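Asks: next input, structure requested:
(2 chains)
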Amino acid sequence: MDDAFPRPEHSDHIDVQVEANAAETTTTETQPNVKEPDENKNVENSKTTSEKPSSSPATSFSLDTLFLLLILSVVISNPPRLVSHLLFTQRFLLTHTFRASSPSSSSAAGEQAYCLVNLMAVAEFIGNLDLEAVVWARQRPRSNRWANARTRSYESSYQHRSASIRSVLSSSFTLLNRNGQRVEAGQRKNNADDDDEEDEDMDGDSLHLPSQFDVDESDASEAEPIDTRSIKSFESMMSDRKRRAKARSANGNAAKPYPNHGSTYHS
Amino acid sequence: MSKQFQFKLVLLGESAVGKSSLVLRFVKDQFDDYRESTIGAAFLTQTVTLEDQTTVKFEIWDTAGQERYKSLAPMYYRNANCAVVVYDITQSASLEKARNWIRELQRQADPSIVIALCGNKSDLSARRQVSEEEAKKYAEEEGLMWAETSAKTGEGVSEIFTAIAKKLPLTAPPSARSGAARGTTGARSGVDLNKQPAGQNANEPCNC
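Replies: Purely as a prediction, here's the structure:
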């Protein structure tokens, strides 16, 4: 029965409890759930408390919590060429899954797929994160000068910024695009950055293929020539990326700033 | 002879409607095959045995319910065989969100996806804001499965999942069985280094 009930949340709690008993260092947040050391009763007990996720943060370890932690860890660690690695892993996992599709391995594969999708979602979220909005929210006084500098088409998108996040990084970065999902952010980026090219067709805008190499955040800052100069702190945020991008372009390796037009898409 | 099926089930719904609790109740109350995980309640598997000894294994994918992650949801429900859209009967706004999810699923998810609408927290019927009739009528209009559940008391939880297991296309070909959980098409079976690239590009959807 013990092995039959390895619900991770509860087993985690049990582990934490053991550890707390041994070292007395862990927080007391998990204590209410684990009053009874008796295993199954314990699971039963912690279950009822975990139904109210807000009551105790430690009891609910659902994706809401996990996702925030993942975002934070990715932002802090800033792994190089994250998207390239993710895409490679995805391809590997797909092929691997098809080759070894026995029932025993597919369970593990499902979990791996879930992990991968979570990390891809984090990358997607960070990639589409509207850094300007973040900066704007932190520096309200600057927003007027900044907003006036924008053209009319940008202002219209500016009003909808909360509804849809604008891609700060290169649109070639977008994983959703890669998988054929239309992302408004791609269009919006085009609207905002290519004021002169507004009349160009919008059909292919959200469907960019990533450039095969250097699908890296640093390429993206090259594709963002306007905004990075209008906001000082934004520039400082991006300066590291720009430096890397310049080093890259010096090597003749940089991706096209706008790979939007003329790219092909297979579905 | 017993058959085994494996399906991907994705949980959708506003945050704090009890998605995780629902699935914890479901997984806890029945036999769960051995697995180790460090993801917590986010990814769980549960096996349901039907009357005819067919076993249906659910891979349950939790999703982050907050609005700001809404654009990421397609990554989660892609290739899902079934979706459980959860709302909170004590909050009529959560049913509205559930409607949005269902619209999105009908528009963008796999057309054969089985969608179940699930009104959670039925133990709090004293504070009910969504009547059974309203939700049931909506579910019938949209052709969804519908049930009210209580993760707290366990009422209706295993029933709805069992109903989903019964409704899922168990006659699906074996290729779609395990592959459907995450794969794309069977044609894309890896990289053949010996193949001539010219003819291959025409029909293989290589996104690189």
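
Asks: let me see the mean pLDDT of the biggest helix by length in chain B.
Replies: Taking DSSP state H as the criterion, chain B has its longest helix at helix B:92-108. Per-residue pLDDT over helix B:92-108 has a mean of 93.

Asks: figure out how far that helix is from the centre of its chain.
Replies: Put simply, helix B:92-108 sits 14 Å off its chain's centre (Cα atoms, centre = their mean, to the nearest Å).

Asks: packing partners for that helix?
Replies: Secondary-structure packing of helix B:92-108 (3 or more Cβ pairs under 8 Å, 6 or more residues apart in numbering or on different chains; DSSP states H and E): strand B:4-13, helix B:73-77, strand B:82-88, strand B:114-120, helix B:132-142. Heads up, the C-betas are built off the backbone N, CA and C, glycines and all.

Asks: of the ones you listed, which is nearest B:Glu104?
Replies: Across these, B:Glu104 has its closest neighbour in helix B:73-77 (7.3 Å, Cβ to Cβ).

Asks: tell me what the closest one is packed against?
Replies: Right, helix B:73-77 is packed against helix A:103-128, helix A:175-178, strand B:4-13, helix B:92-108 by 3+ Cβ pairs under 8 Å, 6+ apart.

Asks: mean confidence score for the shortest one?
Replies: The average pLDDT for helix A:175-178 rounds to 47.

Asks: for the residue lying closest to B:Gln6 once chain neighbours are set aside, give the beta-bridge partners.
Replies: With sequence-adjacent residues excluded and distances taken as Cβ to Cβ, 6 or more residues apart in numbering or on different chains, B:Gln6 is closest to B:Lys57, at 4.5 Å. The partner list for B:Lys57 in beta bridges (DSSP bridges) reads B:Gln6, B:Thr47.

Asks: tell me, how many residues neighbour B:Lys57?
Replies: For B:Lys57, the count of nearby residues is 22 (other Cβ atoms under 10 Å in any protein chain shown).

Asks: tell me where the chain is predicted with low confidence.
Replies: Here I'm looking at chain A. Filtered on pLDDT under 70, chain A yields the residue ranges A:1-62, A:96-108, A:138-267.

Asks: chain B is the one I meant
Replies: Across chain B, the ranges flagged by pLDDT under 70 are B:1, B:29-41, B:170-208.

Asks: just to revisit the earlier point, contacts for the longest helix of chain B next, please.
Replies: Residues from elsewhere that reach helix B:92-108 (Cβ atoms under 8 Å, 6 or more residues apart in numbering or on different chains): A:181, B:12-14, B:17, B:73-74, B:77, B:83, B:85-88, B:113, B:115, B:117, B:119, B:129-130, B:134-135, B:138, B:142, B:144.

Asks: measure how that helix sits relative to strand B:82-88, angle-wise.
Replies: 160 degrees (axes from the mean of the first three to the mean of the last three Cα atoms, to 10 degrees).

Asks: and helix B:92-108, which residues are buried?
Replies: Buried residues in helix B:92-108, counting neighbours by 16 or more other Cβ atoms under 10 Å in any protein chain shown, are found at B:94-95, B:97-98, B:101-102, B:104-105.

Asks: next, the angle strand B:114-120 makes with that helix.
Replies: If you take the same axes, to 10 degrees, helix B:92-108 sits at 170 degrees to strand B:114-120.

Asks: can you show me the CA trace of helix B:92-108 as CSV?
Replies: The C-alpha trace of helix B:92-108 is given here as CSV (Å, rounded to 0.1, in the frame of the first residue of the first chain):
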residue,chain,number,x,y,z
SER,B,92,-20.3,32.2,-11.1
ALA,B,93,-17.3,33.9,-12.6
SER,B,94,-15.5,30.6,-12.7
LEU,B,95,-18.2,29.2,-14.9
GLU,B,96,-17.6,32.0,-17.3
LYS,B,97,-13.9,31.2,-17.4
ALA,B,98,-14.8,27.5,-17.9
ARG,B,99,-16.9,28.6,-20.9
ASN,B,100,-13.9,30.4,-22.3
TRP,B,101,-11.8,27.3,-21.8
ILE,B,102,-14.3,25.1,-23.5
ARG,B,103,-14.7,27.5,-26.5
GLU,B,104,-10.9,27.5,-26.8
LEU,B,105,-10.7,23.8,-26.6
GLN,B,106,-13.4,23.4,-29.2
ARG,B,107,-11.6,25.8,-31.5
GLN,B,108,-8.0,24.8,-31.1
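
Asks: relative to helix B:132-142, how tilted is that helix?
Replies: Angle, helix B:92-108 to helix B:132-142, by the same axes, to 10 degrees: 10 degrees.

Asks: hmm, back to that, include mean neighbour count when you put the helices and strands packed on helix B:92-108 into a markdown table, please.
Replies: Below are those laid out as a markdown table (neighbours: other Cβ atoms under 10 Å in any protein chain shown):
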| stretch | mean neighbour count |
| --- | --- |
| strand B:4-13 | 24 |
| helix B:73-77 | 21 |
| strand B:82-88 | 27 |
| strand B:114-120 | 25 |
| helix B:132-142 | 14 |
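
Asks: and the ones you listed as JSON lines, adding distance to B:Glu148?
Replies: Formatted as JSON lines, these follow (distance: least, Cβ to Cβ, whole Å):
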{"stretch": "strand B:4-13", "distance to B:Glu148": "14"}
{"stretch": "helix B:73-77", "distance to B:Glu148": "23"}
{"stretch": "strand B:82-88", "distance to B:Glu148": "10"}
{"stretch": "strand B:114-120", "distance to B:Glu148": "4"}
{"stretch": "helix B:132-142", "distance to B:Glu148": "6"}
